[in-house]
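Trainee: take this sequence and fold it.
(2 chains)
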Amino acid sequence: MWKASRRNFFAHKGRLSLSLIAVVLSVAFVTGTLMFTSTITTTFDRLFATTASDVAVSAKADKDALPGAPEQTVSTSVLDTVKALPGVQAVYGDITTERLAVVGADNKAISNSSGGPTIGANWYVTPHPAVNLTSGRPPAGPTDVVVDADTAAKKHLALGSPLRIVTGTGAGTFQVTVSGIATFRTTNPGETLFYFDTNTAQTKLLGKTGAFTGVDLDAKPGTSDDVLKAEVSAKLGAGYDVKTRAEQEADGRNSVGFIGFMKYVMLGFAGISLMVGAFLIINTFQMLVAQRTRELGLLRALGASRRQINRSVRFEALMLGVIGATVGIAAGAGLAYGLIAIMNGVGMNLQASDMSVTASSVIAGYAVGVLVTLLAAWVPARRAARVTPMAALREAGTPGDRRASWLRNGIGLAIAGGGAAALIGGAVNGATATGGLLLGLGVLVTLIGAILLGPLLAGVVIRVLGVWMPAAYGSVGTMAQRNALRNPRRTGATAAALMIGLSLVSGMAVVGSSLVTSATSEMDKSVGADYIITTNGGLEITPEVLAKAQATPGLAHVTENKFVNAAVSDASGGGKAGGTIVISASSPTLTQDFDAATTAGSLSDVFTKEGIAIPAAEAKTRNATVGSVLNVTFHGGTPLKLPVLAIMSDKTVFNHGDGYVSLDTLGKSLPASAQPASELLFAKADKGRQDQAYAALKADLAPFPQVTVKSQTDYKQLIHDQVGGVLNMVYGLLGLAIVVAILGVVNTLALSVVERTREIGLIRAIGMGRRKTRRMIRLESVVIALFGAALGVGLGLAWGVAAQQVLSGIGISTLAIPVGTIVAVFLGAAVVGLLAALAPAFRASRMNVLRAIAADG
Amino acid sequence: MTTAAQAAVTHRTVGTAARAQAVSKRYGQGETAVTALDQVDVDIERGRFTAIMGPSGSGKSTLMHCLAGLDAVSSGKIWIYGRDGVASELTAMKDKELTNLRRDRIGFIFQSFNLLPTLNAAENITLPMDIAGRKPNKAWLDRVIGTVGLADRLKHRPSELSGGQQQRVAVARALAGQPEIIFGDEPTGNLDSRSGAEVLGFLRRSVDELGQTFVMVTHDPSAAAYADRVLFLADGRIVDDMAAPTADKVLDRMRQFDSHGHAVHDQNQRGDAAGQR
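Mentor: Model prediction:
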């Protein structure tokens, strides 16, 4: 039996090749992702291993601080205190801050385009530095800076290049020149790094003398990190974070958490393409078994047991899985290599030699490839085992019109109905959380339902979709349509594979365009500001920027917005436990710039009286109404008793879930020096001077590339572009699943052409030309692809509409159907159909007529 | 039946529908080359029923395939003559021209698998015309369908028809386009004797009543007895040409081939074969 299986496998290698490609692609994506992320982890581990000190001391991490809050520091006295400890070999005061912007001569920021941080640090010498000075000299005065070699190369900086450093401290902006260039000893993880002398870093970057952001300690030989940590902790007491080298490394790994996130996203998409690949494998084996019915019957007649037949098919699947996984793992290594190259291209600095082909990624590749193939071959293997010995004697024919069974249709209808009910339930559910849960359930269940109903729907939809074909192409069209219909199960599975990717595409497109439309209409309704000034991360809106904006001619006002966490609890002390909400503390002109919707009270009261506006969810939690008094403690400030003046609607895209106070009220709890900086400015122009003011504002803020000025129109475009960017990324990742689905269409057509060899011979004999033969195959392919697109778009629209309904609770209140995307999906599907039919149609048209007619079965 | 067939021959106008001249067909090369047809010259008469017989491997199917434009010859020429007498040389045609020729001027009936399973009987019958984009001649179509007795089966798919009915659909398809010549490759080979007789009867009537030209390859003497003329092939040559055949005469002639299918040359057959036409 083994011999028969092996022979069969190699005899059908052509027919298995597309399944093999599907396995290879999916496995490559899985293992490539794993290898790539583990390479990044290894690189970072190495970086932390070489640069970390034995023990590091820093101010206790402030989890509740929002961006813009002042940098936390430790005083120089800590340095002196720990220096005296017996286990300490050496002590270094360290400054590392991201609160700076570095500007080149052309007013462009010197920063990493891929979003890596810009870091300002103090220069000091240790036995284990992260960088070595490779040219120039260390920074020695307030005008010296050392830049890392990667940034210098990318931004064309050389010794003597002038740079402007923008800070949020009293130092404001100052000029420096590059005095030296330093090269990472291991690898630059994508940072843009500037070293200043310690005094400059303290006075200008931190804005205070005698302070560091942390203290690094080297242990004396023979003193373990843990012992030293214990010594330091005991001496300093609470209020400090003390971490050993191992703990710093663990932190470092967590700080690159986006890699973990990326890994799961990519594995998720790999999973989708694997699922699509499973359809292809099922279809292939079904067809191979159908084609071999006589042969299997002969084996049974010769005494092979059902189990042996079943096993022989599964053995073929096993070989497919093993070979596919092996090739896939190799391809995955190539993919990881390519990803590393791309990451290097966008500013990370990974070494391909670091690439780790870990045992776990290889095992995962085999597990995924082999298991999925075996599972997919399960049903065809059972069907093969059911072949009776009589089949050997029967006239072999093309497999009959297997009608989709009633049982399957019944179950499919029940499941699809249940899924639809869940979707509708989610859509009408008021609570976003419950609605989201129902939505997720509905999406999953309707997908399964649609897959089960594929054959039934094939009959109905293809009749409708293909109605133009006989009219347009005569008998060629009729035959193409009927061929697509003759095996609904196969057509259903082929189209379902395409459906999966396209349904996600259209569902995401509906949500994305609804988000853009809702945000745009909310801007039209509630945003009165002419200009919106935002930061690009890193450095906040500095006093200089604020002053420049306020001084810009033609502006009626500039509104500051500071975001701060606030702990709220019932003033009476009873009721619910305290919660934390984000508070936007703004200038009184906010009401002219941003008319946030309330469910009770008026937001303008917040700026005329002392009080707070709280989000509806918080009001609901603690049963607060307008007039309730709450204990409010702004982060780092003293507690205040504030009356609730307004309750903010949750149905908003902007500042969703935020509360509001005036800057005056914030000042009562938190002195101005301890307040965070503004993260967002609104500005309004004098009437009739909008254009001049916009130009003036842009010009005035040009030296501060860390902030962006947008008019309402530009801001809308920005939202549009950002959502579009995310969607494009998702589409790109779904591309793999769609490519596998296209392989499925090719596969089905190719096997159908082989099955119908005699028919094709016959129609060629009675006078159908090669062109028409090709057209017949192409039309069949197009109608299958369009069917897949119709299923996908239908399902995706249902998901998208339900999702929008669920998300209307958080402000996505307008449903927008992206007609362009949907038209593109259908056109794309038609093109996919044409492309998929290329090789099978060519093959069909080139068949030798006589041999085709004489072909077996 | 034989007498009826013989009587019918006499009052038909005889012209040439197809001609083969020095046609040879070889498969393979060098040592392993096999000669399927060896310098065959033959004329197929218009409006007559010609049977081609011979033992397995004699080249009878190859001759038919070449005459029908399904297979290419190694050397020699083949012409098909239109009703207007204009000759078309098949051996000079490209695939596209041959395809159109098969579609418009030639009909086919194969031993089995004549019909597309996705199309019903009526659609199968009109398929060649549909492919060509021509409207079938309604009156003629009705007459053909009536002749083969399928009027109540037109909406059935091939899987819903018996073997005999399927072959009758195939005959109707071959007749529907009013081709100049119809070729049959053992058209009754898969049928029981009663269904076979039925189909052959239709073919005979189409020749007698509709003036159709029909060429059939068979190994069954009683099928050959429906023909006006029987060509005997052996070793790729025409070895005999029998007019007004009967089942017995054909069987007698077939017995003269030895057990390996080669012609037996101890009688005067050789001279007969060479001398004919």
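Trainee: buried sites along the helix or strand where residue A:82 lies?
Mentor: If you go by DSSP states H and E, residue A:82 is part of helix A:76-83. Neighbour-count burial for helix A:76-83 flags A:78, A:79, A:81, A:82 (criterion: 16 or more other Cβ atoms under 10 Å in any protein chain shown). Using the backbone N, CA and C atoms, a C-beta is placed for each residue, glycine as well.
Trainee: quick one, phi/psi of the nearest residue to residue A:521 once chain neighbours are set aside?
Mentor: Excluding the flanking residues, the one nearest residue A:521 by Cβ to Cβ, 6 or more residues apart in numbering or on different chains is residue A:814, at 5.6 Å. For residue A:814, the backbone dihedrals (degrees, to the nearest 10) come out as phi -110, psi 130.
Trainee: so residue A:814 touches residue A:523, yeah?
Mentor: No - with contacts counted by Cβ atoms under 8 Å, residue A:814 stays clear of residue A:523, the gap being 12.0 Å.
Trainee: returning to that earlier point: contacts for the helix holding residue A:82 next, please.
Mentor: A:57, A:88, A:91, A:93, A:210-212, A:215, A:217, A:232, A:235-236, A:240 (Cβ atoms under 8 Å, 6 or more residues apart in numbering or on different chains).
Trainee: looking at these, which are in strands?
Mentor: A:57, A:88, A:91, A:93, A:211, A:212, A:215, A:217, A:240 (DSSP state E).
Trainee: from the contacts of helix A:76-83, pick the one nearest residue A:531.
Mentor: Checking the contacts of helix A:76-83 against residue A:531 with Cβ to Cβ, the nearest one is residue A:211 at 36.0 Å.
Trainee: now the residue lying closest to the closest one once chain neighbours are set aside: how far from chain B?
Mentor: Leaving aside its chain neighbours, residue A:211 sits nearest to residue A:73 (3.9 Å; criterion: Cβ to Cβ, 6+ apart). Distance, residue A:73 to chain B, by Cβ to the nearest Cβ, to the nearest Å: 81 Å.
Trainee: circling back: any chance of the buried residues of helix A:76-83 in TSV, plus pLDDT?
Mentor: Listed next are those as TSV, based on pLDDT from 0 to 100:
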residue	pLDDT
A:78	86
A:79	84
A:81	86
A:82	85
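Trainee: chain center to the helix holding residue A:82: distance?
Mentor: The chain centre lies 44 Å from the centre of helix A:76-83; the measure is Cα atoms, centre = their mean, to the nearest Å.
Trainee: kindly export that helix (C-alpha atoms) in CSV.
Mentor: What follows is helix A:76-83 as a C-alpha-only set of coordinates in CSV (Å, rounded to 0.1, in the frame of the first residue of the first chain):
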residue,chain,number,x,y,z
THR,A,76,22.6,64.3,42.5
SER,A,77,22.5,63.4,46.2
VAL,A,78,21.4,59.9,45.3
LEU,A,79,24.6,59.5,43.4
ASP,A,80,26.6,60.4,46.5
THR,A,81,24.5,58.2,48.8
VAL,A,82,24.9,55.0,46.7
LYS,A,83,28.6,55.7,46.0
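Trainee: quick one: it to strand A:88-94, angle?
Mentor: Orientation check (axes from the mean of the first three to the mean of the last three Cα atoms, to 10 degrees): helix A:76-83 against strand A:88-94 gives 160 degrees.
Trainee: which residues in chain B form strands?
Mentor: Taking DSSP E as the criterion, chain B contains strands spanning B:16-27, B:34-45, B:49-53, B:75-81, B:87-89, B:106-109, B:181-185, B:214-217, B:229-234, B:237-243.
Trainee: and whichever residue of the stretch 1-150 of chain B sits closest to chain A, how far is that from residue B:127?
Mentor: Residue nearest to chain A within the stretch 1-150 of chain B: residue B:103 (2.2 Å; Cβ to the nearest Cβ). Separation of residue B:103 from residue B:127 (Cβ to Cβ, to the nearest Å): 10 Å.
Trainee: about what we covered before: just the buried residues out of the contacts of helix A:76-83, in PyMOL syntax.
Mentor: Selection of buried members from the contacts of helix A:76-83 for PyMOL, criterion 16+ other Cβ under 10 Å:
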select buried, chain A and resi 57+88+91+93+211+212+215+217+232+236+240
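Trainee: what does the stretch 1-150 of chain A put close to chain B?
Mentor: Taking Cβ under 8 Å from any Cβ of the partner chain, no part of the stretch 1-150 of chain A reaches chain B.
Trainee: report pLDDT for residue 169.
Mentor: Assuming you mean chain A. You'll see residue A:169 listed with a pLDDT of 82.
Trainee: could you do chain B instead?
Mentor: 90.
Trainee: name the nearest residue to it, ignoring sequence neighbours.
Mentor: Distances taken as Cβ to Cβ, 6+ apart place residue B:121 nearest to residue B:169, at 4.9 Å, with adjacent residues excluded.
Trainee: check contacts around that neighbour.
Mentor: Going by Cβ under 8 Å, 6+ apart, residue B:121 touches B:115, B:150, B:153, B:154, B:155, B:156, B:157, B:158, B:161, B:169.
Trainee: how many other residues sit next to the closest residue in space to the fourth one that isn't next to it in sequence?
Mentor: Read that as residue B:154. Leaving aside its sequence neighbours, residue B:154 sits nearest to residue B:122 (Cβ to Cβ, 6+ apart; 4.0 Å). Applying other Cβ atoms under 10 Å in any protein chain shown, we find 19 residues neighbouring residue B:122.
Trainee: could you do the one 10 residues further on as well?
Mentor: For residue B:132, the count of nearby residues is 18 (other Cβ under 10 Å).
Trainee: contact partners for the closest residue to it other than its chain neighbours?
Mentor: Spatial nearest neighbour of residue B:132, chain neighbours left out: residue B:103 (5.3 Å); criterion: Cβ to Cβ, 6+ apart. By Cβ under 8 Å, 6+ apart, the contact list for residue B:103 reads A:766, A:767, A:768, A:769, B:128, B:131, B:132, B:177.
Trainee: of all the residues in the stretch 101-250 of chain B, which ones are close to chain A?
Mentor: So the stretch 101-250 of chain B meets chain A at B:101-104, B:106-108, B:110, B:113-119, B:123, B:126-128, B:130-133, B:159, B:173 (Cβ under 8 Å from any Cβ).
Trainee: which of those residues are buried?
Mentor: Going by neighbour count (16+ other Cβ under 10 Å), those have B:101-104, B:106-108, B:110, B:113-119, B:123, B:126-128, B:130-132, B:173 buried.
Trainee: dump the contacts of helix A:76-83 into a markdown table; add distance to residue A:692 and pLDDT as well.
Mentor: Putting these into a markdown table (distance: Cβ to Cβ, whole Å; pLDDT from 0 to 100) gives the following:
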| residue | distance to residue A:692 | pLDDT |
| --- | --- | --- |
| A:57 | 53 | 87 |
| A:88 | 62 | 86 |
| A:91 | 57 | 89 |
| A:93 | 49 | 90 |
| A:210 | 47 | 85 |
| A:211 | 44 | 88 |
| A:212 | 47 | 90 |
| A:215 | 52 | 89 |
| A:217 | 58 | 88 |
| A:232 | 59 | 86 |
| A:235 | 62 | 85 |
| A:236 | 57 | 84 |
| A:240 | 53 | 86 |
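Trainee: give me the neighbour count for residue A:528.
Mentor: By the criterion of other Cβ under 10 Å, residue A:528 has 16 neighbours.
Trainee: same question for residue A:205.
Mentor: For residue A:205, using other Cβ under 10 Å, the count is 26.
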